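# Provided below are the primary sequence and the corresponding predicted coordinates.
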Amino acid sequence: MLLITRLGATSARHTGLLSRRYVSTLSSNPHIKVFPNAATNGSHLLTYLDTNPPSPRLAIGSTTALPPTPQSFSENHEFLSILTEVLSKHAAQDPNLQAQAQAFAAPGGATLGSGGAFFPQQRRPRSSKGSGAGLGGGGGAGGGGAGGASAQGGAGGAGVGGHVHLSDLRNPPDFGRIAWPEDILGSIEVDGQGTIIGEFQPSGTYRIVTNEGILGLSDFLRTKLIERLEEEEKKKGN
C-alpha cells in the first residue's frame, strides 16, 4: 500500500497557476518515497529524498512490487556504501544504542551468549535466503564466513564489557534478545560501565528488505542519513 503525501505548493512553470506537488510513500515506512523508475517499466525507485525526478544513484534501491519484498527488491550498492559511512560516523551518538549500552552493563547484561547464534527461549533458526541484498555477505550468526560484527553476539556485560548490536527497527527483538542476523546493521564495543569505546563494525549479514519490512532507522540516524544524501545530491546533482 502507498500513502500520498503533499510536499507543498509550487508555481507551474511558464504559467500563473499554482500546482500541488504530491509524492507516494510506503505505508509501512512513510519516510521512504516511491517514484516510477524511468529506466524500467513496472519498477519503482525507493528513496529518502523528495527530489522529483529522483536520483537513481542515491535511491535505496528499486522494486517491481509494492510493498517491496525480498524477491522484488534490488539494492543500490552506492546507497549501501553511504549508509555504512553514516553509521560508522554517527552510530555511537545514537541515543537508542547508548541506552542499549547502559543496559548491557547493568547486572544481568551478560545473559546473551557469544557468537551471535544463541537465541534464548529456543527461537527456531530462520534462513535469510532470498531476503534481499544488504551490507555484505559475511557468514555472521549461523553463517559460514568470518561473520563480521554479528558474530560477536552479546558477550560481556554486567561490568565485563563486550559488544552491543545496532538493529533495524522493523523487527525489534524482545528485550534482552539478539536480533536476527539479517536485522543486525552492525555492532560496537562497550566497556564494563556501558560506555561506547569502539568503532562501528558492519555486520556483513544485514538485508535492506526482508519479509518483515524495509530499512528502519532511529530518528537520529535517519536524520543523519538524509543529511548526507542531500549533501551528495548537491555535490553531483541528480
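That came in fine, so what should we check first?

# where along this protein do the strands fall?
Using DSSP state E, the strands of the chain run over 2-11, 18-26, 29-36, 44-47, 61-63, 73-75, 162-167, 184-190, 201-202, 209-210, 213-214.

# wait, which of these is closest to Glu233?
Within the strands of the chain, the stretch nearest Glu233 is strand 44-47; the backing value is 10.2 Å (C-beta to C-beta). No exception for glycine: its C-beta is placed from N, CA and C like everyone else's.

# what lines up beside the closest one in the sheet?
Paired neighbours of strand 44-47 in the sheet (DSSP bridges): strand 29-36 (antiparallel), strand 61-63 (antiparallel).

# Return the set of buried residues in the first one.
Burial within strand 29-36, assessed by neighbour count using 16 or more other C-beta atoms under 10 Å, is assigned to 29, 32-35.

# Could you work out which of the strands of the chain reaches nearest to Leu229?
Closest of these to Leu229 is strand 44-47, at 8.1 Å (criterion: C-beta to C-beta).

# Number of residues surrounding the closest residue to Ser43 other than its chain neighbours?
Distances taken as C-beta to C-beta, 6 or more residues apart in numbering put Asn37 closest to Ser43, at 3.8 Å, once the chain neighbours are dropped. By the criterion of other C-beta atoms under 10 Å, Asn37 has 20 neighbours.

# quick one: contacts for the residue nearest to Leu221 when sequence neighbours are not counted?
Nearest-residue entry for Leu221: Asp94, 5.5 Å, with adjacent residues in sequence omitted and distances by C-beta to C-beta, 6+ apart. Taking C-beta atoms under 8 Å, 6 or more residues apart in numbering, we find Asp94 in contact with 166, 218, 220-221.

# Show me the longest helix that occurs in this structure.
In the chain, assigned by DSSP state H, the helix with the most residues is helix 219-236.

# Now that helix: average pLDDT?
Model confidence over helix 219-236, given as mean pLDDT, is 96.

# what does that helix rub up against?
Applying C-beta under 8 Å, 6+ apart, the contact partners of helix 219-236 are 31, 48-49, 51, 55, 57-58, 82-83, 85-87, 89-91, 93-96, 217.

# Repeat the analysis, applying 7 Å as the threshold.
Residues external to helix 219-236 that are found in contact with it (C-beta atoms under 7 Å, 6 or more residues apart in numbering): 31, 48-49, 51, 55, 58, 82-83, 86-87, 90, 94-95, 217.

# Tabulate the CA atom coordinates of that helix in PDB.
Extracted in PDB, the C-alpha atoms of helix 219-236 (Å, rounded to 0.1, in the frame of the first residue of the first chain):
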ATOM      1  CA  ASP A 219      15.000   9.200  14.100                       C
ATOM      2  CA  PHE A 220      18.600  10.300  14.900                       C
ATOM      3  CA  LEU A 221      20.300   8.000  12.400                       C
ATOM      4  CA  ARG A 222      17.700   8.600   9.700                       C
ATOM      5  CA  THR A 223      18.200  12.300  10.000                       C
ATOM      6  CA  LYS A 224      22.000  11.900   9.700                       C
ATOM      7  CA  LEU A 225      21.500   9.700   6.600                       C
ATOM      8  CA  ILE A 226      19.100  12.100   4.900                       C
ATOM      9  CA  GLU A 227      21.500  15.000   5.600                       C
ATOM     10  CA  ARG A 228      24.300  13.000   3.900                       C
ATOM     11  CA  LEU A 229      22.200  12.100   0.900                       C
ATOM     12  CA  GLU A 230      21.200  15.800   0.500                       C
ATOM     13  CA  GLU A 231      24.900  16.700   0.600                       C
ATOM     14  CA  GLU A 232      25.700  14.100  -2.100                       C
ATOM     15  CA  GLU A 233      22.800  15.400  -4.200                       C
ATOM     16  CA  LYS A 234      24.100  19.000  -4.000                       C
ATOM     17  CA  LYS A 235      27.600  17.900  -4.900                       C
ATOM     18  CA  LYS A 236      26.800  15.900  -8.000                       C
END
